[in-house]
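In: heads up, no residue letters with this:
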């Protein structure tokens, strides 16, 4: 149910969003975020993400990014296991200003996730392409700098990976 609502939110957000004076058509921006990733085992790990984006118009942008979800290490019954995941992401964002300085956004995208896992002496490397989505908010600190906070839901081989991201977006030109 939650997934269906969030997947429907982006088209609605794009249809009903108001003009955003801070974002100009065809301008580029870069983002840098710290993130907290919660793996299916309920283990929290720190990571980061970076992206470059382009505003298509004042309500829509496209981002190409990289995310490092951190490393999860567990020891169960004398067996040490490590799991590390990274992703290359392409996503579309829709913006809904709620005031002159602040607003909400929704994201839907596709990502190529690479996961490395090691279990004592056995290791494996796997890739998977999945959809992901997110919702968040932004605040214009200045004409060219936004502060962002966002929740994202990722899936890898049927397991959920949730992240909370906080960072900045800087408009370059």
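Out: Ah, there it is. In this text, all values refer to a predicted model and were calculated from it rather than measured experimentally.
In: Geometrically speaking, which residue is the centre of this structure?
Out: The centre of the chain sits closest to residue 152, judged by CA atoms, centre = their mean, with a distance of 5.2 Å.
In: Bridge partners for the closest residue to it other than its chain neighbours, pull those for me.
Out: The shortest distance from residue 152 to any non-neighbouring residue, by CB to CB, 6 or more residues apart in numbering, is to residue 134 (3.7 Å). C-beta: built from backbone N, CA, C; applies to glycine. Using DSSP bridges, the bridge partners assigned to residue 134 are residue 107, residue 152.
In: Which residues lie in contact with residue 134 in this structure?
Out: By CB atoms under 8 Å, 6 or more residues apart in numbering, residue 134 lies in contact with 91, 106, 107, 150, 151, 152, 153, 165.
In: If we use 7 Å, what do you get?
Out: Residue 134 sits next to 107, 150, 151, 152 when contact means CB atoms under 7 Å, 6 or more residues apart in numbering.
In: Counting neighbours, which of the residues you listed end up buried?
Out: For the contacts of residue 134, a burial check counting by 16 or more other CB atoms under 10 Å picks out 107, 150, 152.
In: hang on, residue 82 packs against residue 71?
Out: Yes - counting by CB atoms under 7 Å, residue 71 is a contact partner of residue 82 at 6.3 Å.
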